[in-house]
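# Build me a structure from this.
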Amino acid sequence: MQGRALVFAICLGQIGNLLPHVVVPAVMAGHLIGPWGLSNGEAGLMAAAYAVGYMAAVPVLTALTDRYDARRILLVGSLASACATIGFGVFAQGLLSAALWWGLAGIGFAGAYMPGLRALTDRLDARDTSRSVTLYTSSFSLGVGLSFLVSQWVADGFGWRWSFIVTGIGPLLMVAVAAGMKPLPPPKPSGGLLDFRPVLHNRPTLGYILGYGAHCFELYGMRTWIVAFWGYVVARHAGEPLPSAMAVSVVVTLLAMPSSIWGNELSIRHGRHRAITWIQVASAAVAVAIGLLSGSSPWLLLVLVMVYAVTVPADSGSLTAGMSATADPRFRGVTMAMHSTVGFGLSALAGWLLGATLDAFGGAAQPASWTAAFVVLAAGVACGPLALRWSARGGGQAVSRR
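Next up is the predicted model:
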């Protein structure tokens, strides 16, 4: 496979790999929190186990792409993701066992997402990289949208265990794609496996990595709790013909794909630093607006949530493309490892922190709790422009426009 066919195949495999991605957040409010007697904080910890597993494994698995063809790691990681997701559906009985299986699924995905990006970029001409990387990262959102849809539909119709079993089949699509790729000779390593010093000394790249962490904090905090938030809105305005939580969560994630592509085109026209800063400041403002108006008209909230669905992911492709463009080619694997470690580490923090915030302010049925939760999201993403500003002082702005 070469060129467009390769990009299409890897993006399709990526969608399969993402089919299990939000099955826990999608089903926990309606099927797990009550029956298992979980608090919001415990539910947040359970959902965060995926990001914790990812964060623990991604430094090693992605750095290995500096030593082995990323295709091999992609194949094994996708297979592990499928097995762990199905294992959750068959064996999970409560918080501890669920967190264990979900953490294992996160470890599998750590061998699939960034190694998939490396497998793609290693097989492309440098001129094709920016838009191809954006297509890859934006297909993430299409996969997550399908994950919300399939997870909730299967859980409502056949029980939550089947939602894990069915979505667990998805990563096998990437297994088939990876098996069909042309093997490449292994790269020549240029340092220790987990030697992050070259990345820490690359200030322009580090700015994108820290900005990506702020983006992931907001993105995963929102995706972990969007079903519960809209469930709160529907319950508070019982009797009004509002869209279901399933419909809102699916539309929110599907909007992310064109949003990410649009954000990257904005970066190409105006410069990455400037465009990312605009997007992240706007997203923080929308989050604050949703929080302050959490007890108001559900139709106004619906409009704001749809706007938020555009602002939250719009910087994703630009941040990852900026990281890839400014990384030293000799250390691309370890750079991607740090990128993902920071991003998913803050993702795990967001899932738990929002749940703990809801508990601290009276529970998920209180408007004040959601006000506090969305202010937390806004504060997180507002750190992104600060990171880019810091990196620009070391020459990062000039590099970021390439």
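# Now the host helix or strand of residue 351: buried residues?
Using DSSP states H and E, residue 351 sits within helix 332-360. Buried residues in helix 332-360, counted by 16 or more other CB atoms under 10 Å: 332-359. Glycine gets a C-beta too; all of them are placed from N, C-alpha and C.
# With stretch 23-40 instead?
Neighbour-count burial for stretch 23-40 [16+ other CB under 10 Å]: 23-33, 36, 38, 40.
# Could you tell me the end-to-end distance of that stretch?
This stretch, stretch 23-40, spans 17 Å end to end (CA to CA, to the nearest Å).
# And for stretch 106-116?
Stretch 106-116 has its terminal residues 15 Å apart, counting by CA to CA.
# separation between residue 384 and residue 268?
Using CB to CB, to the nearest Å, residue 384 is found at 19 Å from residue 268.
# was I right about residue 305 contacting residue 290?
Yes: taking CB atoms under 8 Å as the definition, residue 305 is a contact partner of residue 290 at 6.7 Å.
# So these two - more neighbours on which side?
Counting neighbours by other CB atoms under 10 Å for residue 305 and for residue 290 shows that residue 290 has the greater number, 24 against 21.
# Export the helix or strand hosting that one to PDB, keeping only CA atoms.
If you go by DSSP H and E, residue 290 is part of helix 272-292. Taking Å, rounded to 0.1, in the frame of the first residue of the first chain, the C-alpha atoms of helix 272-292 are listed here in PDB:
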ATOM      1  CA  ARG A 272       0.200  27.100  14.100                       C
ATOM      2  CA  HIS A 273       0.900  29.100  17.200                       C
ATOM      3  CA  ARG A 274      -1.500  31.800  16.400                       C
ATOM      4  CA  ALA A 275      -4.300  29.400  15.300                       C
ATOM      5  CA  ILE A 276      -4.000  27.100  18.300                       C
ATOM      6  CA  THR A 277      -4.000  30.000  20.700                       C
ATOM      7  CA  TRP A 278      -7.200  31.400  19.100                       C
ATOM      8  CA  ILE A 279      -8.900  28.000  19.300                       C
ATOM      9  CA  GLN A 280      -7.900  27.200  22.900                       C
ATOM     10  CA  VAL A 281      -8.900  30.600  24.200                       C
ATOM     11  CA  ALA A 282     -12.200  30.400  22.500                       C
ATOM     12  CA  SER A 283     -12.800  26.800  23.900                       C
ATOM     13  CA  ALA A 284     -12.000  28.000  27.400                       C
ATOM     14  CA  ALA A 285     -14.600  30.800  27.000                       C
ATOM     15  CA  VAL A 286     -17.300  28.400  25.800                       C
ATOM     16  CA  ALA A 287     -16.600  26.000  28.700                       C
ATOM     17  CA  VAL A 288     -17.100  28.800  31.200                       C
ATOM     18  CA  ALA A 289     -20.300  29.800  29.400                       C
ATOM     19  CA  ILE A 290     -21.700  26.300  29.600                       C
ATOM     20  CA  GLY A 291     -20.800  26.100  33.300                       C
ATOM     21  CA  LEU A 292     -22.300  29.400  34.200                       C
END
